[in-house]
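Asker: Could you work out the structure for the sequence below:
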Amino acid sequence: MKAALQRGALTLALVLASSVSHAASIQWPSFLWNDPGLAPALKELKSTFEQENPEDHINSVLIPVSTFWDKQFADVSNGNPPDIGTFYDSDVRNYIEQGLLEPLDNYLSAASIDRSSFVPTASLGQKDGHVYAVPVVVNARALFYNDKLFRDAGIEPPKDARTFLDAAKTLRKPEAQQFGFATASKPGNASLNFIETSPLIVGFGGGYFKDGKPSANSPETIAALRFYKQLFDENLIPRGVETGVYRDMFAHGKVGMYATGSFIASVVEGADKDVYKDLRATPLPFPGGQTVSVTVFLGVPKGAKNKDAAAAVLMRMLKSDFQLRIAQIGKAYPGRVNMLPRTFFDQNPWFKAFENASLTAHSYAPDGVEQYGPEIIKIVSEGLENMLFQGVSPEETANNLQQKLTDFIATKK
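Answerer: Here you go, the predicted structure:
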């Protein structure tokens with residue numbers, strides 16, 4: 001037993017020694033450095049790692065989200081990769097399928113981090129028994145609501161689609177620029193708009209793919225599209241505004257409900273303490289009984305100049321003490337399960353809905369064809385824009401998408 005422990009310690013020392021034996025300038029360009037939920041936690045991770053490894057430095061370069069995805073993929077593909085890459089569900093599958101990420105198995109073993117402790121959607125960062133990217137947070141969607149607005153209106157939180165729609169109408173006060181709900185309502189940012197509308201689509205039991213086959217014209221998806229269009233047409237959501245604008249409206253008590261990830265709580269807390277006190281959450285009240293999540297992954301691209309030091313940063317992030325810090329600072333469910341003490345839930349009672357969702361949610365990435373996510377998202381977002389702004393009916397939108405997605409997948413066979 002003693003010999004085995006000594007061998008384990010030696011293995012850990014050998015893996016970690018390469019990251020501290022010489023000064024490393026770890027290149028980590030990302031839009032996350034300005035993310036309202038994750039940025040404070042990542043900045044603390046940077047500070048902690050640099051204090052514990054004084055010869056190393058994390059070069060945190062802020063890249064606007066509007067250009068980040070294309071830039072990162074071009075840099076990695078063209079042999080000029082960063083040391084740490086940032087990925088969402090569909091992006092990570094694309095990188096893995098193209099062999100663009102380093103395996104992390106040896107680092108995880110040396111750091112005594114069991115992959116079975118990861119959240120379920122972490123499987124998207126794995127292939128053929130190997131781990132290529134690790135989850136930072138899983139942002140499962142539940143329904144946030146402003147309890148004060150509901151109390152003032154004399155109504156209860158919604159339990160189904162009908163009471164949701166009734167609440168959205170009751171909470172709408174044009175003279176006060178108050179809305180019952182908020183979701184994507186402006187063309188442009190395809191990826192973000194796809195994510196923002198996914199709670200409605202998946203909440204109704206719909207989706208654009210199932211088991212790798214297009215399902216855009218399923219009855220459930222059509223029902224969700226009708227519901228979305230009704231919210232838009234009846235002016236029950238802020239129309240023509242950026243996501244950041246309606247998030248700010250929610251944070252200042254001008255929106256009654258918002259189906260999003262737990263991270264938004266940190267935005268609300270920073271914007272208005274009184275609104276934060278009235279923040280509550282409940283599972284999505286839609287007929288499909290399902291929810292969706294966005295998982296943020298980190299990985300080490302092939303050809304990274306400081307791959308050992310970069311992996312050491314990832315392992316530090318996965319340690320139990322920092323998993324708790326991610327939840328405390330960013331109000332998000334961390335990448336490993338059972339990391340949060342009961343006191344955290346006592347202090348943040350609304351968080352329970354998100355823990356439950358995090359352990360059962362479906363990834364927002366197209367089911368069975370996750371590696372084609374970016375291309376599929378562009379097709380879907382164009383269809384949704386035509387529905388909202390060009391007068392295309394939900395039924396025609398669904399059928400158009402079904403045909404376009406079928407044609408797209410045919411090119412990949």
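
Asker: tell me the contacts of the residue most central in space within the chain?
Answerer: Most central in the chain under C-alpha atoms, centre = their mean is Val294, positioned 2.7 Å from the mean C-alpha point. For Val294, the set of contacting residues under the criterion of C-beta atoms under 8 Å, 6 or more residues apart in numbering consists of Tyr88, Asp89, Val138, Asn139, Ile195, Gly261, Ser363, Tyr364. Quick note: C-beta positions are derived from backbone N, CA and C, even for glycine.

Asker: Could you report the distance from it to Met315?
Answerer: From Val294 over to Met315 the distance is 23 Å, taken as C-beta to C-beta, to the nearest Å.

Asker: cool, Pro81 as well?
Answerer: When Pro81 is compared with Met315 (using C-beta to C-beta), they lie 19 Å apart.

Asker: again, but for Lys169
Answerer: From Lys169 over to Met315 (counting by C-beta to C-beta), the distance is 50 Å.

Asker: So between those two, which is more surrounded?
Answerer: Regarding Lys169 and Met315, a neighbour count based on other C-beta atoms under 10 Å identifies Met315 as having more, with 22 against 13.

Asker: Report the mean confidence score over whichever strand or helix holds that one.
Answerer: When secondary structure is defined by DSSP states H and E, Met315 falls within helix 307-318. Averaging the model's pLDDT scores along helix 307-318 yields 98.

Asker: contacting residues for Gln27?
Answerer: Neighbour list for Gln27: Asn59, Val61, Pro82, Asp83, Ile84, Lys305, Asn306 [criterion: C-beta under 8 Å, 6+ apart].

Asker: Ok, Gln178 next?
Answerer: By C-beta under 8 Å, 6+ apart, the residues touching Gln178 are Leu149, Leu171, Arg172, Lys254, Val255, Gly256.

Asker: element containing the last one, please.
Answerer: This points to Gly256. According to DSSP H and E, Gly256 maps onto strand 255-260.

Asker: which outside residues touch that strand?
Answerer: Outside of strand 255-260, the residues that reach it under the criterion C-beta under 8 Å, 6+ apart are 139, 141-146, 149-150, 158, 164, 167-168, 171, 178-183, 196, 199-200, 203, 238, 246-247, 249-250, 264, 284.

Asker: Among those, which lie within helices?
Answerer: 149-150, 164, 167-168, 171, 196, 199-200, 203, 246-247, 249-250, 264 (DSSP state H).

Asker: Would you mind checking the residues you listed for buried ones?
Answerer: Buried positions within those, assessed by neighbour count (16 or more other C-beta atoms under 10 Å), are 149-150, 164, 167-168, 171, 196, 199-200, 203, 246-247, 249-250, 264.

Asker: between those, which is nearest Leu225?
Answerer: Here the nearest of these to Leu225, counting by C-beta to C-beta, is Leu200; it sits at 8.5 Å.

Asker: and the gap between that closest one and Leu284?
Answerer: Remark: distance between Leu200 and Leu284 (C-beta to C-beta) = 9 Å.

Asker: what do you get for Pro157?
Answerer: Distance from Pro157 to Leu284, counting by C-beta to C-beta: 12 Å.

Asker: Common neighbours of these two, please.
Answerer: Here Pro157 and Leu284 share the contacting residues Leu143, scored by C-beta under 8 Å, 6+ apart.

Asker: The two: which has the busier surroundings?
Answerer: When Pro157 and Leu284 are compared for neighbours, Leu284 comes out ahead with 26 against 17, by other C-beta under 10 Å.

Asker: How about the more buried one, nearest residue that isn't a chain neighbour?
Answerer: The spatially closest residue to Leu284, leaving aside those adjacent along the chain, is Gly203, at 4.3 Å (C-beta to C-beta, 6 or more residues apart in numbering).

Asker: hmm, back to that, give me the contacts around the helix holding Met315.
Answerer: Contact partners of helix 307-318, identified using C-beta under 8 Å, 6+ apart, comprise 15-16, 18-20, 24, 26, 28, 45, 48-49, 52-53, 56, 58, 83-84, 102, 104, 107-108, 110-111, 113, 134, 136, 298-300, 304, 322, 326, 335-336.

Asker: Any of the residues you listed buried? List them.
Answerer: 15-16, 18-20, 24, 26, 28, 45, 48-49, 53, 56, 58, 83-84, 102, 104, 107-108, 110-111, 113, 134, 136, 298-300, 304, 322, 326, 335-336.

Asker: Where in this protein is the helix or strand with the lowest mean pLDDT?
Answerer: Taking mean pLDDT, DSSP states H and E as the measure, the helix or strand of the chain with the lowest value is helix 2-20, at a mean of 44.

Asker: which stretches of the stretch 151-300 of the chain form strands?
Answerer: For the stretch 151-300 of the chain, the strands defined by DSSP state E, counting those that start in this stretch cover 179-181, 209-210, 213-214, 255-260, 279-282, 292-299.

Asker: so what does the first one touch, helix or strand wise?
Answerer: With contacts defined as 3 or more C-beta pairs under 8 Å, 6 or more residues apart in numbering; DSSP states H and E, the secondary structure elements packing on strand 179-181 are helix 161-171, strand 255-260.

Asker: any low-confidence regions in the stretch 301-413 of the chain?
Answerer: In the predicted model of the stretch 301-413 of the chain, no residue satisfies pLDDT under 70.
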